[in-house]
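K.L.:
Provided below for reference: sequence and predicted model.
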Amino acid sequence: MNRWIIGFFILQIAIDLTHSVTVFPFVHYGMFSESFALPDSVEVLEVRVDGRLLRPTDFAIYRWDMVQIPLEAYEKQLATGDYAFDKEKLGAGMRKTGLSSLYNELKPNLDNTGSFIPWYKRYLSGLVGHPITTVQVNKAWYRWTAGRLRLIRIETFFNG
């Protein structure tokens with residue numbers, strides 16, 4: 001019995017290794033099918049709370065993610081029409097199953113981009129630990145030149 005189990009594990013390892021060489025000193029680069037061109041600039045979302053710029057160094061890394069990730073999701077919502085393609089699929093599916101009236105009732109609650117800014121202000125207030133009067137988010141583009149990042153362009157993303 002033990003010989004069969006050991007044999008099975010050896011066979012499994014042999015099969016795994018023949019399908020993808022990942023044993024040192026060999027490395028499998030199959031998932032990287034083409035080279036990645038370096039962008040000429042980097043976009044950064046800058047957050048100002050009551051006129052003060054929030055910096056990553058003011059937060060633990062996971063807390064900084066909590067500041068940035070909702071903004072990135074909001075930006076994606078705006079770019080996709082708040083995931084309109086998913087809403088269309090949901091509506092079509094509910095109509096096919098005879099749930100049109102339920103979809104019509106849910107539809108007003110599916111668009112939540114308008115409520116993001118007040119929500120983010122309250123959310124950010126909890127992260128910084130005090131009430132916030134104003135929050136401003138800017139999109140800033142930087143380029144690496146002469147050994148440092150230089151600001152190329154800045155535009156207001158939203159004020160709240």
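P.N.:
Structure's in. What do you need?
K.L.:
now the helix or strand containing residue 63: buried residues?
P.N.:
Assessed by DSSP states H and E, residue 63 sits inside helix 61-79. Neighbour counts over helix 61-79 (16 or more other C-beta atoms under 10 Å) mark 64, 67, 68, 71, 74, 77 as buried. Every C-beta, even on glycine, is put in place using the N, C-alpha and C of the backbone.
K.L.:
make TSV out of those residues and add pLDDT and distance to residue 52.
P.N.:
Conversion of the buried residues of helix 61-79 to TSV gives the following (pLDDT from 0 to 100; distance: C-beta to C-beta, whole Å):
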residue	pLDDT	distance to residue 52
64	96	15
67	97	13
68	97	17
71	97	17
74	92	21
77	86	26
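K.L.:
could those residues go into a markdown table alongside distance to residue 35?
P.N.:
Formatted as a markdown table, the buried residues of helix 61-79 follow (distance: C-beta to C-beta, whole Å):
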| residue | distance to residue 35 |
| --- | --- |
| 64 | 30 |
| 67 | 33 |
| 68 | 28 |
| 71 | 30 |
| 74 | 32 |
| 77 | 31 |
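K.L.:
hang on, the earlier thing: can you name every helix or strand that the helix holding residue 63 contacts?
P.N.:
strand 42-49, helix 116-128 (3 or more C-beta pairs under 8 Å, 6 or more residues apart in numbering; DSSP states H and E).
K.L.:
please compute how far the first one lies from its chain's middle.
P.N.:
The one in question is strand 42-49. 15 Å (C-alpha atoms, centre = their mean, to the nearest Å).
K.L.:
how about it: buried residues?
P.N.:
Here strand 42-49 shows 47, 49 as buried, counting by 16+ other C-beta under 10 Å.
K.L.:
over to the last one?
P.N.:
With burial defined by 16+ other C-beta under 10 Å, the residues of helix 116-128 counted as buried are 116, 120, 121, 124, 128.
K.L.:
the next helix or strand after it packs against which elements?
P.N.:
Next along the chain after helix 116-128, taking DSSP H and E as the criterion, comes strand 135-145. Applying 3+ C-beta pairs under 8 Å, 6+ apart, one finds that strand 135-145 makes contact with strand 42-49, helix 116-128, strand 148-159.
K.L.:
for the shortest one, output the C-alpha coordinates as CSV.
P.N.:
Which is strand 42-49. Taking only C-alpha atoms (Å, rounded to 0.1, in the frame of the first residue of the first chain), the coordinates of strand 42-49 have been written out as CSV:
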residue,chain,number,x,y,z
VAL,A,42,2.4,57.7,-13.9
GLU,A,43,-1.1,58.8,-12.7
VAL,A,44,-1.5,59.4,-9.0
LEU,A,45,-4.7,60.2,-7.1
GLU,A,46,-3.9,62.9,-4.5
VAL,A,47,-6.2,63.3,-1.6
ARG,A,48,-6.5,66.6,0.3
VAL,A,49,-8.5,66.7,3.6
